[in-house]
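# structural data only, the sequence is not supplied:
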């Protein structure tokens, strides 16, 4: 056999061997991911550890996440930071975002908004929606970067378009307020709906209030009732108060003092200061107009503290 043929066969053997190793690594990684998502952290750890030791970025990132959350191992932010850093330097977007979170919250590292913004931005330019949201918020607040409303709206828009519920809420609020963009209630309602459909309680409340008051949308108490109920059932205090008012006033639903009292009680327990007077009025059997008068009297005679 000639030397050329021998070299060719040797290269073919090496290529096939590398493919086999790669396939085995991918199988191990998938087994680790399956175990992780099923909550079997011990099995996940067993798969991830040898892969990470060989430089597998995805395995290393997942070990970092397990260190951060204390899943299958003792919670250790310093180890999480180390794992995230290794993966982030290699361009892993989720690791870059997670490293940004550690710097933003000061977990395992000194709190540093500039470092947080830097890592968020690296993940954001790769299209990582959660990072785009945080970049938008940091530009809006001038944290770690120079305050820039245009950049804030741009990044929030990118995240919102990808379905990031908090970004959708923020964008809706921006359009509703109209302070840094032209006020546009239709766009506000559009983004509130998208966020509310994902279960965001504040979006549900804000949108419910728009329908209740007819702000930029056709007034519809039934739609308002539905939205406020969804937010109220998640413990959103203002929504609980608003729902109580709808029951007390019979708006979008039959007037029901029992239901009104229930929601005012929950709102008061959640810290809604307006709820106590409403609750007392409902329990006294007052009608809606009398409730308003009673609340006004309470405010009138409440001592003003400096």
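The structure has been received and is ready for your questions. Keep in mind that what you see is a predicted model, and the values were worked out from it rather than measured.

# tell me how far stretch 247-257 lies from the chain's centre.
33 Å (C-alpha atoms, centre = their mean, to the nearest Å).

# which residue sits closest to residue 77, ignoring its sequence neighbours?
Closest residue to residue 77 apart from its sequence neighbours, by C-beta to C-beta, 6 or more residues apart in numbering: residue 108 at 2.8 Å. Yep, even glycine has a C-beta here, placed from its N, CA and C like the rest.

# go on, residue 176?
Take residue 176 and drop its neighbours on the chain: the residue closest to it by C-beta to C-beta, 6+ apart is residue 188, 3.9 Å away.

# tell me the contacts of the one you found?
By C-beta atoms under 8 Å, 6 or more residues apart in numbering, residue 188 lies in contact with 172, 173, 175, 176, 210, 216.

# now with 6 Å, please.
172, 175, 176 (C-beta atoms under 6 Å, 6 or more residues apart in numbering).

# with residue 31 instead?
residue 47.

# for the stretch 51-200 of the chain, what spans make up the helices?
57-69, 77-89, 93-105, 113-124, 129-141, 149-161, 165-177, 185-196 (DSSP state H, counting those that start in this stretch).

# to residue 273, which of these lies closest?
helix 165-177 (22.4 Å; C-beta to C-beta).

# before we move on, the earlier item: number of residues surrounding the residue nearest to residue 77?
Residue 108 is flanked by 19 other residues according to other C-beta atoms under 10 Å.

# repeat for residue 37
Count around residue 37 with other C-beta under 10 Å applied: 9.

# check residue 203 too.
27.

# just give the closest residue to it, not the sequence neighbours.
In space, residue 203 is closest to residue 195, 3.6 Å off (C-beta to C-beta, 6+ apart).

# wait, what's in contact with the one you found?
By C-beta under 6 Å, 6+ apart, the contact list for residue 195 reads 165, 168, 169, 203.

# can you rerun that using 10 Å?
Applying C-beta atoms under 10 Å, 6 or more residues apart in numbering to residue 195 gives the contacts 160, 163-173, 201-204, 206-207.
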